[in-house]
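Visitor: how does the following fold in three dimensions:
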Amino acid sequence: MKKTLLAAALLAATATAAHAADETQPQTMQTVVVTATRTATPIDDTLAPVTVITRQDIDRLQPQSVQDLLTGLPGVNFANAGGLGQQTSMFVRGTNSSHTLVLIDGVRVGTVAAGLPAFEQIPVEQIDHIEFVRGPRSSLYGADAIGGVLQIFTRHGEAGEAPTPSLALTAGSHSLVDGQAGISGGTDHGWYNASLGGQYTRGINACKVGAAEAFAGCFADQPDKDGYRTYNAALSGGYRWDNNVVLTGSFLRSKGDIEYDGDFGNFTRRSQQVVGGSLAFPVTDIWNMNVAVGQNQDRADNYAFGPRIGFGYSKRNQASWQNDFTLAPGQSLSAGVDYSQERLDSDTGYLADSRNNTGVFALYQGRFDANEIQLSGRHDHNEQFGNHNTGGIAYGYHFDNQMVLSASWASSFHAPTFNDLYYPFGSGNPNLKPESGRSYEIGLSARPGAWNWAVNAYQTKLTNLIGYDEFFVPINVARARLRGVEGQLGADVDGWHLRASATVQQPISQADDGTDGNLLARRPRRMGRVDLDRDLGDFSVGGSVYSAGYSYDDAANSARLGGYTTADVRASWTFRPAWSIQARVANLADRTYETSRYFNQLGRTYYLTLRYSPAR
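Guide: Okay, the predicted model is just below:
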């Protein structure tokens, strides 16, 4: 009932906010995003539900992890295996955790073996901003973009900026220490950023013990603290010539030591590295070309009480050639080719350990007075799963009062991972087919002045979902129907900063294996979040409330995860220009809850941060 009221309150607030903004707020410069269309597009013209998180938002919210930052966004929930630094999975609009494409500075990330990005290894302090596009985007990006695309942009300098240092030092509960230092700047034509950081926490006991059924979760009785330490480094830069040729490059590496509970292994040393570069230049007055290359590396070394017992190493090389044409005023065509090469090295033998993929895509965008249309299509050829075609069509109508009505259809797919296909010891199935989806969506949004709001309703039908037989061998047995309504509201008015979202969804199995009508695992029906902050001169205060309904940890819906609500409070004091002290209390009521069965989550925790961050 509480979640239903939250959704209703949000939708009512959007209408009130729109009316107030029309009467009292000045117009502001519109946000430009690149992830929705692979081109720099005003956010109103994307015809896709998009959430943008700025660096100012991150500093205000004081998150300690990407999970902290993204939990409660429209359509988003997380499952975590025991606190900070532990394995973290994101579910978007009821799709699987491997159904959302994650990019860092344009480079696809995620292990080749399992297809999952290491959210726990991405340092929040290295993030400049995030663009989160919900809904299928396979017709532009290929495999994995069923639930949406999340693109993280790392910090960068500005052309003409004097060398500017930055610093953030944090201490907190469970012996947490976190430090980040960097410098950025630029010349008349170039820019750069370099930074180093690290984080350590003694952690909590990741897995619950004291009951016989705990062995079904962790397979171990180890009531100790499971610590986590990580180090990161980032470097980026770019140069723009007088003829508008632009060269950019970026590098991000993080390395972490993760302790956990388990008799077969209890320690992992993991590293994630992302390198990318691009060259963009105008060929003619109506033709711009961009060539980009990138590489994502992921390595995990596993240990059991000292000795190393195994390792997994994956590498993905990527290249893209994109051409953007201006056909006429308000009309454009983008077309290009993507290529990727995936390689896997492991102490266990795979039947195959490499594959290549080539994708050809095109997107037409046209604006005719109040009407807007987008048509996209893509053909992928992969040496493991063959050929796959995807497409999308979207229509939008722009009202005079700045509201936009949109409707869309899109197809999508997800290729089986190496673990799905070839994991040894009888746990892989090389005959698996790609999972595929068909989605419909309708939305209404507006950005009047300092306010913004959006409401979207969608349905996705998935086929050939990968499930497991009685011997835990993956097979194509499942279908699913994902329906939902989500809303978001944002405002920056007279020193008030509001961000709110609510989701009501039905991620339902339609399989023939006895789970028909069940909720898909670890996906609640209802969830919502409200962030409210107030600037008071040199001081600011704020708080967040996140609420999630019940879910189940298994396909049979026999292991229930209870619903829960958590609240955070925070404050900040700018005691000198560019210097501030920030304080945050998370899970204020010390609520006990689970997002993954048997795994503990952080109770009440305290954080104190000293920050030096000159305004640009």
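
Visitor: what helix or strand is Ile58 on?
Guide: helix 55-61 (DSSP states H and E).

Visitor: with Gln67 instead?
Guide: Applying DSSP H and E as the criterion places Gln67 in helix 66-70.

Visitor: quick check: buried residues in that helix?
Guide: Within helix 66-70, the residues scored as buried using 16 or more other C-beta atoms under 10 Å are Val66, Gln67, Asp68, Leu69, Leu70. C-beta here means a position set from N, CA and C on the backbone, and glycine is covered the same way.

Visitor: quick one: mean pLDDT for the one helix or strand Ile475 maps to?
Guide: Taking DSSP H and E as the definition, one finds Ile475 inside strand 474-493. Strand 474-493 comes out with an average pLDDT of 93.

Visitor: and the angle from the helix or strand following that strand to strand 474-493?
Guide: Sequence order places strand 496-509 as the next helix or strand after strand 474-493, per DSSP H and E. Put simply, strand 496-509 runs at 160 degrees to strand 474-493, going by axes from the mean of the first three to the mean of the last three C-alpha atoms, to 10 degrees.

Visitor: which other helices and strands does strand 496-509 contact?
Guide: In terms of contacts (3 or more C-beta pairs under 8 Å, 6 or more residues apart in numbering; DSSP states H and E), strand 496-509 is packed against helix 2-24, strand 474-493, strand 526-536.

Visitor: how far is it from where the chain is centred?
Guide: On the basis of C-alpha atoms, centre = their mean, to the nearest Å, strand 496-509 sits 15 Å off its chain's mean C-alpha point.

Visitor: just the CA coordinates of that strand, formatted as PDB?
Guide: This file holds the C-alpha atoms of strand 496-509, laid out as PDB (Å, rounded to 0.1, in the frame of the first residue of the first chain):
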ATOM      1  CA  TRP A 496      15.700  23.200  -3.500                       C
ATOM      2  CA  HIS A 497      16.800  20.100  -5.400                       C
ATOM      3  CA  LEU A 498      14.300  17.400  -5.900                       C
ATOM      4  CA  ARG A 499      14.700  14.000  -7.700                       C
ATOM      5  CA  ALA A 500      11.900  11.400  -7.400                       C
ATOM      6  CA  SER A 501      11.000   8.300  -9.200                       C
ATOM      7  CA  ALA A 502       8.400   5.400  -8.900                       C
ATOM      8  CA  THR A 503       8.000   2.100 -10.700                       C
ATOM      9  CA  VAL A 504       5.100  -0.300 -10.800                       C
ATOM     10  CA  GLN A 505       6.000  -3.400 -12.800                       C
ATOM     11  CA  GLN A 506       4.900  -7.000 -13.600                       C
ATOM     12  CA  PRO A 507       7.900  -9.100 -14.600                       C
ATOM     13  CA  ILE A 508       6.000 -12.400 -15.100                       C
ATOM     14  CA  SER A 509       7.300 -15.800 -16.300                       C
END
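
Visitor: and the angle for it with strand 526-536?
Guide: Using the same axes, to 10 degrees, the inter-axis angle of strand 496-509 relative to strand 526-536 is 170 degrees.

Visitor: could you pull out the buried residues of strand 496-509?
Guide: His497, Leu498, Arg499, Ala500, Ser501, Ala502, Thr503, Val504, Gln505, Pro507, Ile508, Ser509.

Visitor: isn't the third one right next to Gly528, touching?
Guide: No: between Arg499 and Gly528 no contact is recorded; they are 11.5 Å apart, counting by C-beta atoms under 8 Å.

Visitor: can you list the weak-confidence ranges in the stretch 301-450 of the chain?
Guide: In the predicted model, the stretch 301-450 of the chain carries pLDDT under 70 at residues 426.

Visitor: strands of that one, residue ranges please.
Guide: With DSSP state E, counting those that start in this stretch as the criterion, the stretch 301-450 of the chain has strands at 308-328, 331-346, 354-368, 371-382, 386-398, 403-414, 435-446.

Visitor: that's all I had, so thanks and see you.
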